[in-house]
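*Asks:* Sequence and predicted structure, then a few things I'm wondering about:
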Amino acid sequence: KALALCVLLYPALQSLALQLHSALTGSYVSGTHSIAFINCLNEQIAKDIARAIMDKKLAAYVNILPKSSALSFWKGELEETTEILLLVKTRTSKIGELSNYIRSIHPFEIPEIISLPIDQGNPLYLKWMEESVPRD
């Protein structure tokens, strides 16, 4: 039973350990924050989604990148589209909540929501991100 409890609590314990290490040493722990990539059909949808993310305090910063061409297979057919890309900077611990929220408001049947952990960066910027997104 103790082993099962440890396995279930591992993500929470790991997060707590990382927060404690960061607080005690003042150093950034790789992977504490992430960048999520979210594609949007047009600029208005991108702006609406970015504002909704910020209103819910699910990110510290959202970039709205200009229109780009994209190729993909959708339902067996090759499609060529244009898209707007959001780069969302947030706590790694918020990625699940962010992903669920985006799926609930995004017009695409299957929106692209991909995240990558931030390994290192400007310590002052990373500290600002830490202060900008509330803890879980």
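*Replies:* Cool, got the structure.
*Asks:* only C-alpha atoms for contact and neighbour calcs from this point on.
*Replies:* Will do.
*Asks:* who does the helix or strand where Thr82 lies pair up with?
*Replies:* Here Thr82, judged by DSSP states H and E, is contained in strand 77-91. Sheet pairing here is set by DSSP bridges, and for strand 77-91 it gives strand 33-40 (antiparallel), strand 61-74 (antiparallel).
*Asks:* Mind checking the pLDDT average for that strand?
*Replies:* Strand 77-91 shows an average pLDDT of 96 in the prediction.
*Asks:* where does the protein have low pLDDT?
*Replies:* Under the criterion pLDDT under 70, the flagged ranges of the chain are 1-25.
*Asks:* Could you list the domains of it?
*Replies:* Domain assignment for the chain, taken from the TED database, gives 1-29, 31-132.
*Asks:* ok now stretch 127-136, how far from the chain's centre?
*Replies:* 13 Å (C-alpha atoms, centre = their mean, to the nearest Å).
*Asks:* Nearest residue to the middle of this structure?
*Replies:* For the chain, the residue sitting closest to the mean C-alpha position, by C-alpha atoms, centre = their mean, is Ala36 at 3.7 Å.
*Asks:* Quick check: closest non-adjacent residue to it.
*Replies:* Once flanking residues are discounted, Ala36 sits nearest to Ser115: 4.0 Å by C-alpha to C-alpha, 6 or more residues apart in numbering.
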